[in-house]
Structure formats: structure tokens, C-alpha cells
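Undergrad: Attaching a predicted model along with its sequence, questions to come.
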Amino acid sequence: MEQTKSYHHGALHEALLSAAETILCRDGLAALTLRATAREAGVSHGAPAYHFKDLSDLLSELVAVGFERLTVAMQAAGQGRAGQFAAAAQAYVAFAIGNAALFQLMFRVERLNAGHERLRAARAGAFAVITEASAIPAGELTPSQVGGMTAQWCLVQGFASLAASGRLGPLLARAPEGMQEPELLTLALEHLRPSE
């Protein structure tokens, strides 16, 4: 008979999120269900219903945690440094590589609840760090500033997606010996300059 663990109410919420992330990383998104999450956490199959109304709610909460972690990583990397955008970009890519399955889920909007409050706040927090690191002033942007920030953001997002899925290998194979993702990102960023 399957044993169930006993959790304090708040601890169960975190345990379910941890279990869901374990399944996502180990077995992939297709294997991630509410029942599988309960089984991984060692609780009854009905336990997730106390914290998540459905699978989309669980995935949205997990993605919110991912964006919060990403925000912390970018803030820590860029704090008090010259080249703040480059430092934040390197942290963004390192997060994507180190959390590939979660990172990919973070942009699977069709699987998420668009109205999930924690997710919306977490996305906004990550975007705020990127905006601040871009050294673009608050308020309405000029077309040139919009273009510059869009180019920066697209480069970092695209690079991170390629790195997380292991698709930079062919390019790195042709790069100078020993070059890795951080050096490649630095070279790519050197081709972009924030618009004045």
C-alpha cells in the first residue's frame, strides 16, 4: 500500500511544486499530471486539489516560481556592475541552460493560465529587470529605443532558447577552440548597441 506523507498546509504547496518540477525535469511535460505530482510528493491523489484548481493552475504557479528565480539571478548578476545588461543577459542564459525544462515551459503560454496573478507579477518583475538593465528610461520610448530594446531582448531570448535546447552545438563546433555559450553570447551582444 502506498504511504502518504503528512505536510503542514503551506509545506504541502511547496512540496507539490517541487514534485512537479522534479517530474518536469526527469520525465518531461507530457508526464506531468496532478496525480503524478501527488504520487511524487507522497500524498493522496486528491491533495493537489487543495492548492491548485487544475493542471494549468499548477503549471502557472510553477512557471511563476521560475520567473521569480530568474529575476533574482538577473538582479544578483547585474547589481552594481558596469555592463549591467550583459551581466543580466548572461544570468538569463545560465538560468535557461541550468533549468532547461522549466525555462521551456515558461514560454508555453497555451499550457498556462493567463490570468494567474502570481505568474503575471513574476513576468512583470523579470521584464522590469531587463528594462532597467537595458538603461532605457521609464515612460514612453522613442521608436529608436523601442527598436534597440526589442533587438536586445530578442537576441537574449533566442540565444537562451537555443542554448537550453542544446542547439548551439554546431555553431560552437566551428568557433575557436574552447569557446562556450558565455563567450558566444558576449560576441553576439557586441553587435548590438542600445539606441540613444
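TA: Perfect, I can see it now.
Undergrad: Just list the residues touching Asp27, thanks.
TA: By CB atoms under 8 Å, 6 or more residues apart in numbering, the contact set of Asp27 is Ala36. Using the backbone N, CA and C atoms, a C-beta is placed for each residue, glycine as well.
Undergrad: gap between Arg123 and Ala160?
TA: 15 Å (CB to CB, to the nearest Å).
Undergrad: Of those two, give the one with the bigger neighbour count.
TA: Taking neighbours as other CB atoms under 10 Å, Arg123 and Ala160 compare with Ala160 leading, 23 against 18.
Undergrad: Could you list the low-confidence segments of this protein?
TA: 1-10, 79-82, 193-196 (pLDDT under 70).
Undergrad: Nearest the middle, which residue of it would you pick?
TA: With distances taken as CA atoms, centre = their mean, the residue of the chain nearest its centroid is Phe103 (4.1 Å).
Undergrad: Can you tell me what sits against the helix or strand that one falls within?
TA: If you go by DSSP states H and E, Phe103 is part of helix 100-105. Helix 100-105 is contacted from outside by 21, 24-25, 28-29, 59, 62-63, 66, 95-96, 111, 160-161, 164-165, using CB under 8 Å, 6+ apart.
Undergrad: Just the buried subset of those, written out for PyMOL, thanks.
TA: Of the contacts of helix 100-105, the buried ones go into a single PyMOL selection, burial set by 16 or more other CB atoms under 10 Å:
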select buried, resi 21+24+59+62+63+66+95+96+160+161+164
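Undergrad: Filter the contacts of helix 100-105 down to just the ones in helices.
TA: 21, 24-25, 59, 62-63, 66, 95-96, 160-161, 164 (DSSP state H).
Undergrad: any chance of the residues you listed in TSV, plus distance to Pro182?
TA: Below are these laid out as TSV (distance: CB to CB, whole Å):
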residue	distance to Pro182
Glu21	25
Leu24	25
Cys25	23
Leu59	30
Leu62	27
Val63	25
Gly66	21
Phe95	13
Ala96	12
Ala160	12
Ser161	16
Ala164	14
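Undergrad: For Met74, state which of those is nearest.
TA: Taking CB to CB as the measure, Phe95 is the one of these closest to Met74, at 7.9 Å.
Undergrad: Return the distance of the closest one relative to Leu155.
TA: Remark: distance between Phe95 and Leu155 (CB to CB) = 16 Å.
Undergrad: Leu141 now?
TA: Distance from Leu141 to Leu155, by CB to CB: 18 Å.
Undergrad: which parts of the helix or strand following the helix holding Phe103 are buried?
TA: Downstream of helix 100-105, the first helix or strand assigned by DSSP H and E is helix 117-133. Judged by neighbour count using 16+ other CB under 10 Å, the buried positions of helix 117-133 are 119, 122-123, 125-126, 129-133.
Undergrad: which residues touch Ala41?
TA: By CB under 8 Å, 6+ apart, the residues touching Ala41 are 5, 12, 15-16, 18-19, 47.
Undergrad: Show me the domain layout of this protein.
TA: The chain is divided into the following domains under automatic domain parsing: 1-52, 54-190.
Undergrad: Could you say which helix or strand holds Gln145?
TA: Gln145 belongs to helix 143-164, assigned by DSSP H and E.
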